[in-house]
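> just coords:
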């Protein structure tokens, strides 16, 4: 099934870039640049490896990134096949005495299920383009297969290593897409039914409780681990810089030293007190953070001032706004040259304020007036036709006006965005 899927996807892979984010992902992966928030550093790192197979031929770089998606999708099919066969084996009462007919039924189930998914429209569509969904699906398939492997070895020593592997895979997959977090409820239920197979009293309530716990785990990673690791780093950075006058990045370094020390102490304490579950939980958190460290790539490359450097997350504070997508989706603004009434470009709110405080012109003259993006489509003559209360602007009109102005203003700039509608608030 792996070879079938791999050959089909490679033969049908896009030769260049598809619509939407694919062109950006290909460009940022090839040169390890900073794409749109909240970033996909794991995808970019692996994509940078695959782009080397272009052999220096710039016309082949896009295909190599698309081929990466094809291979990731083929691995998704492989792990799906293994997962289906592992689940099908549970219908056999004595696996060690499996008959030929039972083996055919099991492998036939895996073959039909995996190949049906191979040629499904949505999955095939994402398997042949340079987008994050193919790789995200691959990580999800591996994680679900890993929990089934744990379930088959749950009564053996060192079975918790599978759970720690899952934690690492979830952490590193955050650098691709948050879709992988949706596997956590399934993982939780597999763990529950393996550890408590004969629950009779309060079965429904416990089933619901496990579901609630799984949602809390998702919320813990999504709303605490992902943002607050960066939030605390930002607060330490501001405190050490403003209160002690320490050099930049001192607070961030101190924060991570304390975080590592706390984890080491937790592992030492739980080992000494013989608390294996708590020890495994701390190890799992550690490996989620290890996987999450791929986001350091964005900070490193942002400081290198790469040509594509969206939001420029150069430190912990700016990285937080980058992860929260604040500048891109909540605060698009129009920048005007108040002297000539000519459109200059689109900037995020934070960039406009930072440009003013740092005395940077960012491609526009001093004395710029910040207006809502709802006015973007209106020319200087009919500015009153578009009211400030109007929340959206159609990209077609905005792009047409920008191109017209840029043809007469070489110092201007225009940042193209992916959506057909620009949010004004």
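Structure's in. What do you need? Worth saying up front: this structure is predicted, and the values here are computed from it rather than measured.
> Nearest residue to the middle of the chain?
Centroid-nearest residue in the chain, with Cα atoms, centre = their mean: residue 177, separated by 2.9 Å.
> any chance you could map the helices in the stretch 251-400 of the chain?
Assigned by DSSP state H, counting those that start in this stretch, the helices in the stretch 251-400 of the chain fall at 276-292, 296-303, 316-323, 326-330, 349-357, 395-406.
> coming back round to it: for the residue nearest to the centre of the chain, what are its contacts?
Contact analysis of residue 177 by Cβ atoms under 8 Å, 6 or more residues apart in numbering lists 40, 132-133, 135-136. To be clear about C-beta, it is placed using only N, CA and C from the backbone, and glycine gets the same treatment.
> In space, what's closest to residue 25 - neighbours in sequence excluded?
Take residue 25 and drop its neighbours on the chain: the residue closest to it by Cβ to Cβ, 6 or more residues apart in numbering is residue 130, 5.1 Å away.
> Touching, that neighbour and residue 44? I think so.
No. Assessed by Cβ atoms under 8 Å, residue 130 is found out of contact with residue 44, at 10.8 Å.
> okay, these two: which has more neighbours?
Remark: of residue 130 and residue 44, residue 130 carries more neighbours, 32 against 28, as counted by other Cβ atoms under 10 Å.
> hmm, back to that, now the residue nearest to residue 25: phi and psi?
Backbone torsions of residue 130, given as degrees, to the nearest 10, read phi -80, psi 70.
> quick one: pLDDT of it?
Confidence at residue 130, expressed as pLDDT, is 92.
> wait, what's in contact with it?
14, 17-18, 22, 25-26, 29, 47, 62, 65-66, 68-69.
> out of those, who has the most neighbours?
That'd be residue 65 among the contacts of residue 130, by other Cβ under 10 Å, with 31 neighbours.
> How about it: what's its closest non-neighbour residue?
Excluding the flanking residues, the one nearest residue 65 by Cβ to Cβ, 6+ apart is residue 130, at 4.0 Å.
> For the contacts of residue 177, give me CSV that also has neighbour count, secondary structure and distance to residue 260.
Conversion of those to CSV gives the following (neighbours: other Cβ atoms under 10 Å; DSSP: H, G, I helix; E, B strand; the rest coil; distance: Cβ to Cβ, whole Å):
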residue, neighbour count, secondary structure, distance to residue 260
40, 27, coil, 26
132, 23, helix, 29
133, 19, helix, 33
135, 29, helix, 29
136, 22, helix, 29
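> Show me which of those residues is closest to residue 118.
residue 133 (15.3 Å; Cβ to Cβ).
> so which helix or strand takes in the residue nearest to that closest one when sequence neighbours are not counted?
Spatially, and ignoring its direct neighbours in sequence, residue 133 is nearest to residue 126 (4.3 Å; Cβ to Cβ, 6+ apart). For residue 126, the host element (DSSP states H and E) is helix 121-127.
> of all the contacts of residue 177, which two lie farthest apart?
40 and 133 (10.6 Å).
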